[in-house]
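**Student:** Structure for the following, please:
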Amino acid sequence: MGFPRRWDLCTQHSTQHLVTALTSAKWGIETLSWNLGESTSFLELGTPDFTSQQLDELEKMSNDAIRAAKKV
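**Tutor:** Coordinates of the predicted model:
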């Protein structure tokens, strides 16, 4: 495995933890499963409904957390 793929996996893994923490804290939604693919990745949340408004809010919260540049 080359460094670009390794970096991609590390980035996706950190992102999964961030999204899981935010959805749990904000809405009490658990992550049921996730997968890191080469071209497609997914995160399955434990809710049958996740609105476009929630997705927009999650994106903003994620971007805000990334911009805060806290150590992980």
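
**Student:** Now do the helices in this structure.
**Tutor:** Counting by DSSP state H, the chain has helices at residues 3-27, 52-67.

**Student:** And the shortest one, what's buried?
**Tutor:** Buried residues in helix 52-67, counted by 16 or more other C-beta atoms under 10 Å: Gln54, Leu58, Met61, Ser62. Every C-beta, even on glycine, is put in place using the N, C-alpha and C of the backbone.

**Student:** thinking the first one is in contact with Val19, fair?
**Tutor:** No - Gln54 lies out of contact with Val19 (C-beta atoms under 8 Å); the separation is 11.8 Å.

**Student:** Tell me the spacing between Leu45 and Asn35.
**Tutor:** 13 Å (C-beta to C-beta, to the nearest Å).

**Student:** quick one, which of these two is more surrounded?
**Tutor:** More neighbours surround Leu45 than the other of Leu45 and Asn35, with 20 against 11 (other C-beta atoms under 10 Å).
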